[in-house]
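Q: fold the following, please.
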Amino acid sequence: MRNTIIRCPHCGRQLHYDPNMDAWSCHEPKCGLLLRTEAGRHGQDKNAGTRGHNRPPGPSDYDWEEERPRRGWRLFTGLVILAVITALVAMMMSPLLWPQTPSLHVSPTQLLFVDDAGSGVMPQAIVLRNQGRVTLEWEVRSDASWLNVEPTSGTLEADLQVLTVRVDTTGLPEGTHHTGLTVAAERAHNSPQIIQVQVHRTTSAEIINVKNLIGPNVDVYQDVQPPYMATPLGVPIELVNNDEAVDVTWNELMDFLVADPTDESPYIPGLHMCGAFAQQLHNNAESAGIRSAWVSIDLRGKEIGHALNAFETLDRGLVFVDCTGADATVISPAADFSGCDHDKIAYVRTGREYGLISLDRAESPKYTFYEQYSRSWDKYLADLEEFNLQAQEYNEFVSSRSLVAGSEDARHAQWLYNELEAARVTLEMQRELLGPCRWNTLGIVESVRIYW
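A: Down below sits the predicted model:
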């Protein structure tokens, strides 16, 4: 019996004996047959004394009772398996069930705009999505005046909405600026969404305006002393700034310049020249509460440049002023030297001639005004030359003959005189508009450095 293989009467697989239970069992999961004796069911062995210690009883030793797995246990096991499978399917299917809940999705959630050259920045886009089956009414809000979003509101269903975000950097000071875009949809459970916006600007609006006005090769400095000497003796330029100084209007600046005595200081070659005049005017203006800049220009083909001042007016923008005193190299031969006031509006453009107009004749700080004024002076000088030729012709005509009233020569002489008189009146009108002083240009401006 020890070597006999006992097989399951139902499935034919080998049965295994368990001495503790005094039972034979089938390991086939689908079968699960269990054979016990009545004594085995109660923990007794009727024939323990008659069997050998090492021989398990066989099915023929006693009356065996067959036990099958209970139906309830099978049902319970099936339900557990079904629950596990259902849970796994639900976990895998849960992303498909999420759109049932209204949800607002925004991408990206951060925007960075960088303006290094002061030329503006390209717009950027953000996308809104409705991750739900309920229609969402959305809107975008921002407190920054330099930030613009299009569109600012709308209806969002199952599709997406693209928003365009623009930043106006022209009025922003140099540095980094932060703001937020708030996207809100009332029915979305995750509303509102915040988009962080950062703008990095390395060039101030004032510097950009100056460069646009003057042209290339312009450097602007704040709270920096100019690396120049006031005199050839080695005395440095020393600017004294007033933290409370402000920009003023054109008329207020004109009133200050008329009253300021800087232009009355003597011009002494090698001792007191343009740099010292510009230093004096700067410090006087700052002391009077008017913000001023000391300006240096390089002239094409010349080793020595020139110094002047600049003011940012509230109504006419940047104004250049040259208060250098009686420098004989600047006054034009066409000018009445004795009647020239040395307060002048200067006109500065890189690649163009350095222009000057007397304070009382400068109607505008724009370079185009200087060009018109220069053309008017050129026309006046040409008309003056023509007048002198006509006057010479008239004098020669009347001095070479005796004029008889009513004669042809007398009539011609009268005609010449009338022409001269009309030209003289025109010249007087021109000269009155132009003023007594015409200033020579110092040359072509090559580069400009402004020290506020």
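
Q: okay, and for the stretch 251-400 of the chain, where does confidence drop off?
A: Applying pLDDT under 70 to the stretch 251-400 of the chain picks out residues 327-339.

Q: how about stretch 101-115: buried residues?
A: 102-106, 111, 113, 115 (16 or more other Cβ atoms under 10 Å). (Each C-beta comes from the backbone N, C-alpha and C, glycine too.)

Q: make TSV out of these and add distance to residue 20, secondary structure and pLDDT.
A: Listed next are these as TSV, based on distance: Cβ to Cβ, whole Å; DSSP: H, G, I helix; E, B strand; the rest coil; pLDDT from 0 to 100:
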residue	distance to residue 20	secondary structure	pLDDT
102	63	coil	78
103	60	coil	86
104	66	strand	90
105	63	strand	91
106	68	strand	94
111	75	strand	96
113	81	strand	95
115	86	strand	86
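
Q: residue 290: which of the residues you listed is nearest?
A: residue 115 (30.4 Å; Cβ to Cβ).

Q: domain parsing of the chain, as residue ranges.
A: 15-69, 104-203, 215-376+436-451 (automatic domain parsing).

Q: name the SS class of residue 165, please.
A: strand (DSSP: H, G, I helix; E, B strand; the rest coil).

Q: going forward, count from 625.
A: Shifting the count to begin at 625 puts that one at residue 789.

Q: coming back round to it: quickly compare the domains of the chain and say which is most buried.
A: domain 839-1000+1060-1075 (a mean of 18; mean count of other Cβ atoms under 10 Å).

Q: just the closest of the buried residues of stretch 725-739 to residue 921, please.
A: Lowest distance from residue 921 to the buried residues of stretch 725-739 (Cβ to Cβ) belongs to residue 739, with 27.9 Å.

Q: what residues does stretch 785-801 touch?
A: 735, 737, 739, 742, 744-745, 747-753, 762, 764, 768, 770-775, 778, 805, 821-829, 831-832 (Cβ atoms under 8 Å, 6 or more residues apart in numbering).

Q: average pLDDT across it?
A: Mean per-residue pLDDT for stretch 785-801: 89.

Q: using PDB, list the CA coordinates for it.
A: Extracted in PDB, the C-alpha atoms of stretch 785-801 (Å, rounded to 0.1, in the frame of the first residue of the first chain):
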ATOM      1  CA  GLN A 785      -9.300  78.800 -27.000                       C
ATOM      2  CA  VAL A 786      -6.000  80.600 -27.900                       C
ATOM      3  CA  LEU A 787      -5.300  83.900 -26.200                       C
ATOM      4  CA  THR A 788      -2.700  86.400 -27.500                       C
ATOM      5  CA  VAL A 789      -0.700  88.200 -24.800                       C
ATOM      6  CA  ARG A 790       1.100  91.500 -25.700                       C
ATOM      7  CA  VAL A 791       3.400  93.600 -23.600                       C
ATOM      8  CA  ASP A 792       4.100  97.300 -24.300                       C
ATOM      9  CA  THR A 793       7.600  97.900 -23.000                       C
ATOM     10  CA  THR A 794       8.000 101.500 -24.300                       C
ATOM     11  CA  GLY A 795       6.900 103.100 -21.000                       C
ATOM     12  CA  LEU A 796       8.500 100.600 -18.600                       C
ATOM     13  CA  PRO A 797      11.600 101.600 -16.700                       C
ATOM     14  CA  GLU A 798      14.700  99.400 -16.700                       C
ATOM     15  CA  GLY A 799      14.400  96.300 -14.600                       C
ATOM     16  CA  THR A 800      12.200  93.300 -14.000                       C
ATOM     17  CA  HIS A 801       8.400  93.700 -13.800                       C
END
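
Q: related to what we said a few turns ago, which one of the domains of the chain lies closest to residue 711?
A: domain 639-693 (22.9 Å).

Q: hang on, the earlier thing: restricted to strands, list the contacts of stretch 785-801.
A: Among the contacts of stretch 785-801, DSSP state E puts 735, 737, 739, 748-753, 762, 764, 771-774, 778, 805, 821-825 in strands.

Q: turn the domains of the chain into TSV, including distance to residue 632.
A: Converted to TSV, the domains of the chain look like this (distance: least, Cβ to Cβ, whole Å):
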stretch	distance to residue 632
domain 639-693	4
domain 728-827	57
domain 839-1000+1060-1075	100
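
Q: quick one, phi psi at residue 640?
A: Torsion angles at residue 640 (phi, psi; degrees, to the nearest 10) stand at phi -120, psi 140.

Q: in the sheet, which residues pair with the closest residue to it other than its chain neighbours? Tell me.
A: Excluding its sequence neighbours, the residue lying closest to residue 640 (Cβ to Cβ, 6 or more residues apart in numbering) is residue 649, at 5.8 Å. Beta bridges link residue 649 to residue 640, residue 658 when assigned by DSSP bridges.
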